[in-house]
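Enquirer: I'll drop the sequence and a predicted model, then ask my questions.
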Amino acid sequence: MEELERRRRRALYRCHHRGTKEMDIVMGKYAESRIPLMESQELDLFERFLQIPDPTIDSWVLKGEQSPEQDFAALVEDIRKFHKLDHEQRS
């Protein structure tokens, strides 16, 4: 359990320090809400997601472009719903 908590804290930090203020806010707020509930397997996926560059995440989350990465489709959709972006028309 200690290792899981350490990973959660590291992921939360990474979400708040993405590199662009916009992604810091989007990912940070989402992470504060979701990371405490993530189990190891969910966190594995989220940590992989955090390795993606901000412009790509921005296009998937904020602009609603389809991710070519099927592994991340549900995660992107959850982030969009969390921020109430799911009603916007996708490109």
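Expert: Everything's here; your move.

Enquirer: shaky segments in the protein?
Expert: Low-confidence segments of the chain (pLDDT under 70): 87-91.

Enquirer: which residue is nearest the middle of it?
Expert: Nearest to the geometric centre of the chain sits residue 27, at 5.3 Å (C-alpha atoms, centre = their mean).

Enquirer: distance of residue 67 relative to residue 8?
Expert: According to C-beta to C-beta, to the nearest Å, residue 67 and residue 8 sit 24 Å apart. The C-beta positions use only the backbone N, C-alpha and C, and glycine is treated the same way.

Enquirer: for residue 48, same thing?
Expert: For residue 48, the distance to residue 8 (C-beta to C-beta) stands at 15 Å.

Enquirer: who has more neighbours out of the two?
Expert: Of the pair residue 48 and residue 8, residue 8 is the one with more neighbours under other C-beta atoms under 10 Å, namely 17 against 13.

Enquirer: C-terminal to the helix or strand where the more buried one lies, which secondary structure element comes first?
Expert: Using DSSP states H and E, the element containing residue 8 is helix 2-16. Downstream of helix 2-16, the next assigned helix or strand under DSSP H and E is helix 21-34.

Enquirer: for burial, what's the neighbour tally of residue 30?
Expert: Around residue 30 there are 20 residues (other C-beta under 10 Å).

Enquirer: surely it touches residue 82?
Expert: Yes: with contacts counted by C-beta atoms under 8 Å, residue 30 reaches residue 82, the gap being 5.2 Å.

Enquirer: one step back: please look at the residue nearest to the centre of the chain and residue 17 and confirm they touch.
Expert: No: taking contacts as C-beta under 8 Å, residue 27 lies outside contact range of residue 17: 9.5 Å.

Enquirer: which ones are touching residue 79?
Expert: The neighbours of residue 79, taking C-beta atoms under 8 Å, 6 or more residues apart in numbering as the test, are 26-27, 30, 61, 85.

Enquirer: could you export the residues you listed as a markdown table, including distance to residue 42?
Expert: Output for the contacts of residue 79, formatted as a markdown table (distance: C-beta to C-beta, whole Å):
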| residue | distance to residue 42 |
| --- | --- |
| 26 | 19 |
| 27 | 15 |
| 30 | 13 |
| 61 | 18 |
| 85 | 21 |
